[in-house]
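>>> Here is the input, now give the coordinates:
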Amino acid sequence: MPRDITTAVLRNSDLGHGNHLLEFRAPKMAAEMQPAQFFMIGIPGSATLLRRPYSVCGLPGTFDDRPDDAVQVLYKVVGRGTSLLAALKAGAEITVLGPLGRGFSRPASPGVRPIFVAGGIGAAPYPALAASLADHRCRPRMFYGARTAADLPLLDWFREHCDEVVVTTEDGSLGHAGLVTVPLEDLLDRGPADALQVYACGPEPMLKAVARLARERSVACELSLEAHMACGFGVCLGCVVPTRRQGTASAGYDRVCVEGPVMSAEKLAW
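Numbering: from 1, shown residues only. Now for the predicted structure:
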């Protein structure tokens, strides 16, 4: 059940290249939260009228060096709202509404290998997901793409907590030069389809490409969508995406903030 609280910033770590990890206490929210669910975060007294949505990155226990009652949010400075957030110091107050939306599900069985696909800051929900799958027989394999090496936050953490991290950069500054979907397609072609569960989060063109690859090969795939939101709980209808109605040929629209942000590749009418 969503809660609305005012809490204090514990840490607002600068990870470099505009990437930050914000930490605060929200124990009751954390107890109910699933990976890829999100918060609406506001700054009291700031010039920004609306709160902004941020995926949960870490839940209690995700990061060994963090307090066991804290949660973390990974974000990148891209505009006025995130610039104001990045300026906050420890002790500053923020308002937090959450948990919101639908999160990632677990693989269908212990023998199914989880495959993480991230585009830049789309890596945000994966630390919490990796921690939640710690009792899974197969550790995740990650495909991590970005424009440049500077856009790969928490890369060292992922290398420690995943079986393998395949890095791609569009400018060739780290890993393979090109798009993250290229090595992913190679993996999916080798299958078998029922032994893989794909999770994807990142820019929409990447998500559309991942969804297409998964559908063509009948691989289970969940996408964590990004959208501009005014409310975060389904009232404003500003974050709808086209979807297929199960069992029919008709299409409709679903709200990213309520029916998502996680939706199956089969459901999306892309």
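>>> Please count neighbours and contacts with C-alpha atoms only from this point.
Fine.
>>> In three-state terms, label Val210 for me.
Following DSSP: H, G, I helix; E, B strand; the rest coil, we place Val210 in the helix state.
>>> ah, wrong one, I meant His228
Classification of His228 using three-state DSSP returns coil.
>>> can you count the residues close to the residue nearest to it when sequence neighbours are not counted?
Distances taken as Cα to Cα, 6 or more residues apart in numbering place Cys239 nearest to His228, at 6.1 Å, with adjacent residues excluded. Applying other Cα atoms under 10 Å, we find 22 residues neighbouring Cys239.
>>> Might one say that Cys239 is in contact with Glu259?
No: look at Cys239 against Glu259 with Cα atoms under 8 Å: they stay out of range, at 10.5 Å.
>>> The helix or strand of the chain with the lowest mean pLDDT pairs with which strands, parallel or anti?
Lowest by mean pLDDT, DSSP states H and E among the helices and strands of the chain is strand 251-255, with a mean of 91. Paired strands of strand 251-255, with direction, are strand 240-244 (antiparallel) (DSSP bridges).
>>> Pull out the buried positions in the strand it pairs with.
Going by neighbour count (16 or more other Cα atoms under 10 Å), the buried part of strand 240-244 is 240-241, 243-244.
>>> And for stretch 140-151?
Buried residues in stretch 140-151, defined by neighbour count with 16+ other Cα under 10 Å: 140-149, 151.
>>> Which one of those is nearest to Gly191?
Arg141 (13.6 Å; Cα to Cα).
>>> shouldn't that closest one be in contact with Pro114?
Yes: look at Arg141 against Pro114 with Cα under 8 Å: they come within range, at 6.6 Å.
>>> residue ranges for the strands of the stretch 101-250 of the chain, please.
Assignment of strands within the stretch 101-250 of the chain using DSSP state E, counting those that start in this stretch yields the ranges 113-119, 141-146, 164-169, 176-177, 196-201, 220-224, 240-244.
>>> So the protein: which segments form each domain?
Taking automatic domain parsing as the reference, the chain has its domains at 3-100, 113-221, 227-270.
>>> Give me the distance from the first one to the chain's centre.
Relative to the centre of its chain, domain 3-100 is centred 14 Å away, using Cα atoms, centre = their mean, to the nearest Å.
>>> Just give me the longest strand of the chain.
In the chain, assigned by DSSP state E, the strand with the most residues is strand 3-16.
>>> Can you give me the end-to-end span of stretch 114-129?
10 Å (Cα to Cα, to the nearest Å).
>>> Pass me the low-pLDDT residue ranges in the stretch 151-270 of the chain, would you?
Applying pLDDT under 70 to the stretch 151-270 of the chain flags residues 247-250.
>>> For burial, what's the neighbour tally of the residue nearest to Arg212 when sequence neighbours are not counted?
Leaving aside its sequence neighbours, Arg212 sits nearest to Ala265 (Cα to Cα, 6+ apart; 7.7 Å). Residues near Ala265, counting by other Cα under 10 Å, number 25.
>>> Return the residues in contact with Gly61.
Counting by Cα atoms under 8 Å, 6 or more residues apart in numbering, Gly61 makes contact with 68, 131.
>>> let's number from 24 now, not from 1
OK, 24 is where the count begins now, so the last one is Gly84.
>>> Next one, pLDDT for it please.
On pLDDT, Gly84 comes in at 92.
>>> how close does it get to Ala154?
Using Cα to Cα, Gly84 is found at 8 Å from Ala154.
>>> Give me the sheet partners of the longest strand of the chain and which way each runs.
strand 42-48 (antiparallel), strand 116-123 (antiparallel).
>>> neighbouring contacts of it?
Residues outside strand 26-39 that contact it (Cα under 8 Å, 6+ apart) are 43-49, 52, 109, 111-122, 173, 176.
>>> how about the spatially most central residue of the chain, what does it touch?
The centre of the chain sits closest to Pro148, judged by Cα atoms, centre = their mean, with a distance of 3.3 Å. Neighbouring residues of Pro148 by Cα under 8 Å, 6+ apart: 58-59, 78-81, 224.
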